[in-house]
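> here are the coordinates; sequence isn't available:
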């Protein structure tokens, strides 16, 4: 006899599936598709990083590491953050190595939130933010941004969303999906709001090294912010290490300790070979990062100029590797545009609505794919817009 009660929890039932993966999965069943849908570098992990991971296996490093991760890696992370941003973290008690930034997000939300606690999210935003808050029993509160503000959230908008239940601000810049960045002045004003209202900040800075003609500002480096900020970082994007699944969180001990407790019970430790590879990335990866950033910048110019030329008005991204063109001129909403473009021209993009209500009318296009594929995608999209533009 089948069970009469529902198996899935209300939270699981109410959380929508990933709008990114939906189009990726459909595209995977089709031939001759150019995918601009998944935020993944098309570069193979640089050779010295690959070698380090392989060498760790050959040398028999198949055991657990410390729950917090290899001390050599945590020390290198602390030195890296100090050199880049002047922030000082104790590698023993203030850094934990995680299974990508995705786990770090889970740890932060699970360790921080009690049922009903509110977290302010800046939209459009990465799809895991809202879902992560909900899975932890919290309530996501969306603050929209617009192209008129260059998708930079204002401190006034954040302050207007604060209630007695607000516990934290989730912020992710350079932004996925828009490619927007925050000026230092804007970030300082947001920090003042957080301090004045006694909010914690979870700052996802995974794209910090992928900026173009712009200097990234680290939230934890601002006056008064390190003690209330959980800094999330990783190796997937800048070092072309998505499949290695290694990231980290850095925070003062009183914030990191409960996160580490959740990590101990759910993960134990990040994969050992991936940690050795990440260590090599910090020691030897910088020249490769610079080469990849230069190539992403070349692709950025191609795709943004191409979209504007074919009538899809495109905000100019200053970070990450996403373009976010407005598709309303086609007469379709973002979902219909993405579905018809995939079916008719074999180009996969992600509807902007997957990233929140303020993303509706846009599509996210990842330019981390090869230059010649972007060129061909633009040819196909021009043909598409000639029919519907």
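Perfect, thanks for sending it. This structure is a prediction, so every number in the text was calculated from the model and none was measured.

> only C-alpha atoms for contact and neighbour calcs from this point on.
OK.

> Helix or strand next in line after the helix or strand of the chain with the lowest mean pLDDT, which one?
Within the chain, no helix or strand scores below helix 19-28, which has a mean of 64 by mean pLDDT, DSSP states H and E. Of the helices and strands lying after helix 19-28 in sequence (DSSP states H and E), the nearest is strand 34-35.

> from the chain's centre, how far out does that next one sit?
The chain centre lies 20 Å from the centre of strand 34-35; the measure is CA atoms, centre = their mean, to the nearest Å.

> can you check stretch 102-117 too?
16 Å.

> Quick check: buried residues in that stretch?
102-113, 117 (16 or more other CA atoms under 10 Å).

> Now render those as JSON lines, adding distance to residue 227, secondary structure and pLDDT.
Output for those, formatted as JSON lines (distance: CA to CA, whole Å; DSSP: H, G, I helix; E, B strand; the rest coil; pLDDT from 0 to 100):
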{"residue": "102", "distance to residue 227": "22", "secondary structure": "helix", "pLDDT": "95"}
{"residue": "103", "distance to residue 227": "21", "secondary structure": "helix", "pLDDT": "97"}
{"residue": "104", "distance to residue 227": "18", "secondary structure": "helix", "pLDDT": "97"}
{"residue": "105", "distance to residue 227": "18", "secondary structure": "helix", "pLDDT": "97"}
{"residue": "106", "distance to residue 227": "20", "secondary structure": "helix", "pLDDT": "96"}
{"residue": "107", "distance to residue 227": "17", "secondary structure": "helix", "pLDDT": "97"}
{"residue": "108", "distance to residue 227": "15", "secondary structure": "helix", "pLDDT": "97"}
{"residue": "109", "distance to residue 227": "17", "secondary structure": "helix", "pLDDT": "97"}
{"residue": "110", "distance to residue 227": "19", "secondary structure": "helix", "pLDDT": "96"}
{"residue": "111", "distance to residue 227": "16", "secondary structure": "helix", "pLDDT": "96"}
{"residue": "112", "distance to residue 227": "14", "secondary structure": "helix", "pLDDT": "96"}
{"residue": "113", "distance to residue 227": "18", "secondary structure": "coil", "pLDDT": "97"}
{"residue": "117", "distance to residue 227": "20", "secondary structure": "coil", "pLDDT": "97"}
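
> which among those gets closest to residue 144?
residue 117 (19.6 Å; CA to CA).

> who's in contact with that closest one?
137-139, 165-167 (CA atoms under 8 Å, 6 or more residues apart in numbering).

> just the helices in the stretch 251-389 of the chain please.
253-266, 272-284, 286-309, 334-345, 371-388 (DSSP state H, counting those that start in this stretch).

> what's next to stretch 307-325, contact-wise?
By CA under 8 Å, 6+ apart, the residues outside stretch 307-325 that reach it are 39, 147, 150, 174-181, 207-208, 210-214, 296, 300, 303-304, 326-327, 329, 352, 362-368, 378, 381-382, 385, 389.

> and what of stretch 243-262?
Counting contacts by CA under 8 Å, 6+ apart, the residues outside stretch 243-262 that touch it are 67-68, 89, 93-101, 104, 107-108, 110-112, 226-236, 270-271, 274-275, 278.

> That one: which residues count as buried?
Under the neighbour-count criterion of 16+ other CA under 10 Å, stretch 243-262 has 244-253, 255-260, 262 buried.

> In strands, which of the contacts of stretch 243-262 fall?
Using DSSP state E, the members of these that fall in strands are 95-98, 229-234.

> Name the nearest of these relative to residue 47.
residue 234 (18.4 Å).

> ok, now which ones touch the closest one?
100-101, 206, 246-248.

> how close does it get to residue 337?
Relative to residue 337, residue 234 is positioned 33 Å away (CA to CA, to the nearest Å).

> same question, residue 92
If you go by CA to CA, the gap between residue 92 and residue 337 works out to 50 Å.

> Comparing those two, which residue is more hemmed in?
Higher neighbour count among residue 92 and residue 337: residue 337, with 22 against 15, using other CA atoms under 10 Å.

> How much space separates that one from residue 373?
Going from residue 337 to residue 373 by CA to CA gives 20 Å.

> go on, residue 210?
In terms of CA to CA, residue 210 sits 21 Å off from residue 373.

> May I see the PyMOL selection of the buried members of the contacts of stretch 243-262?
Selecting only the buried entries of the contacts of stretch 243-262 in PyMOL, with 16+ other CA under 10 Å as the criterion:
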select buried, resi 67+68+89+93+94+95+96+97+98+99+100+101+104+107+108+110+111+112+226+228+229+230+231+232+233+234+235+236+270+271+274+275+278
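
> what's near enough to touch residue 358?
Here residue 358 is in contact with 123-124, 144-146 (CA under 8 Å, 6+ apart).

> need the next SSE after the strand or helix carrying residue 167, C-terminal direction.
Assigned by DSSP H and E, residue 167 falls within strand 166-172. Heading C-terminal from strand 166-172, the first helix or strand you meet, by DSSP H and E, is helix 184-196.

> what packs against that next one?
helix 155-160 (3 or more CA pairs under 8 Å, 6 or more residues apart in numbering; DSSP states H and E).

> one more time with 10 Å, if that's ok
helix 155-160, strand 166-172, strand 200-204 (3 or more CA pairs under 10 Å, 6 or more residues apart in numbering; DSSP states H and E).

> Export the ones you listed as a markdown table, with columns for distance to residue 319.
Formatted as a markdown table, the helices and strands packed on helix 184-196 follow (distance: least, CA to CA, whole Å):
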| stretch | distance to residue 319 |
| --- | --- |
| helix 155-160 | 21 |
| strand 166-172 | 11 |
| strand 200-204 | 13 |
